[in-house]
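>>> Give the three-dimensional model of this entry:
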Amino acid sequence: MGVPIAMLFPILLILLIIGSAVLKSPKVKGFLGELSVRIILKKLKKEEFEVLHNIMLEKDGKTTQIDHVIIGRTGIFVVETKNYKGWIFGSEHSKFWTQTIFKSKKRFQNPIHQNYGHIKFLEHHLQDYSGPFFSIVAFSKRGTLKKIDIISEDIHVVHSQQLPRVINSKTVVGMSTDSVHRVAEMIRNANCMNKELAKKHVQTIKQERKIKDDKLEQNMCPKCDNELIEKSGKNGKFTSCSQYPKCRYTI
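Residues are numbered from 1 along each chain as shown. Prediction:
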């Protein structure tokens, strides 16, 4: 005997709700964003580029996780993926960027600064490499890059689909094909990604975030532990560290 439709409907409804919740989770959205970039990077010519994914590097007891590293004869491209929706506003030197969805605004860490940290870890492990590093922040189609101010020629903020075009646009050759493979192998050897270390990396990030939030609740500057005070500026009231200009932390 088949299952009555009346009994199947609530089961299907529950599955749809669960599936929707899973797809909305930051972890799943991040995974899907990185997966789409992997597919897009397959458009690069295999004979010209080495493409590495999900690299974790360690330095001085600290770790960093890099979404994608592309090594070519024109340099090393370090890609940070963002699967944010809404309008995205930011500039190269600002500490935070803004995500706007209708009337809701949320700030997030400047991904260019985040990628700069990734490049510093790579430099630590590639001390014999003297070529250029190109920082690329790749947003998915879900996000609209409304106003992004970039000055440096080695920094790009684009949609994921534009990655092959940006990478292929660099034409100054500084490495041989053998050097490309050698650098890629050095990064593979330095990669320390494993479940235990990845878990520790996430725990460290959560712990640092909690410490920062606790300090903010106590009206303490997360950078120097001094008091936060309210000030007035040309754009209205804001909160900043009482030790300005020694400490430039601002909310």
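>>> ok, residue 129 to residue 192 distance?
19 Å (Cβ to Cβ, to the nearest Å). Where C-beta positions appear, they are placed from N, C-alpha and C, glycine not excepted.
>>> The two: which is more packed in?
residue 129 (20 against 13; other Cβ atoms under 10 Å).
>>> Does the more buried one touch residue 183 like I think?
Yes: shown here, residue 129 and residue 183 form a contact pair, counting by Cβ atoms under 8 Å, at 5.9 Å.
>>> what residues do those two have in common as contacts?
residue 76 (Cβ atoms under 8 Å, 6 or more residues apart in numbering).
>>> Please name the bridge partners of the nearest residue to residue 111 once chain neighbours are set aside.
The spatial neighbour of residue 111 that comes closest, neighbours along the chain excluded (Cβ to Cβ, 6 or more residues apart in numbering), is residue 137 at 4.5 Å. Bridge pairing for residue 137 (DSSP bridges) gives the partners residue 80, residue 157.
>>> which residues sit in contact with residue 137?
79-80, 82, 111-112, 115, 156-158.
>>> Which of those ranks first by neighbour count?
That'd be residue 79 among the contacts of residue 137, by other Cβ under 10 Å, with 27 neighbours.
>>> got a list of what that one touches?
37, 67-70, 136-138, 163.
>>> try 7 Å this time
37, 67-68, 70, 136, 138, 163 (Cβ atoms under 7 Å, 6 or more residues apart in numbering).
>>> Sort out for me which of the residues you listed are in strands.
Among the contacts of residue 79, the members falling in strands (DSSP state E) are 67-68, 70, 136, 138.
>>> what pairs with residue 57 across the strands?
Beta-bridge partners, per DSSP bridges, of residue 57: residue 64.
>>> between the contacts of residue 79, which has the most around it?
The most neighbours, when the contacts of residue 79 are compared by other Cβ under 10 Å, belong to residue 138, which has 27 neighbours.
>>> you'd agree that one is up against residue 163?
Yes: shown here, residue 138 and residue 163 form a contact pair, counting by Cβ atoms under 7 Å, at 5.8 Å.
>>> Could you name every residue contacting both of the two?
Here residue 138 and residue 163 have 37, 79 as joint contacts, going by Cβ under 7 Å, 6+ apart.
>>> could you show me where the strands are in the stretch 101-250 of the chain, in order?
104-109, 133-139, 143-149, 155-159, 228-233, 236-241 (DSSP state E, counting those that start in this stretch).
>>> Looking at those strands, spot the one closest to residue 46.
strand 133-139 (19.5 Å; Cβ to Cβ).
>>> who's in contact with residue 186?
Contacts of residue 186 by Cβ under 7 Å, 6+ apart are 125-126.
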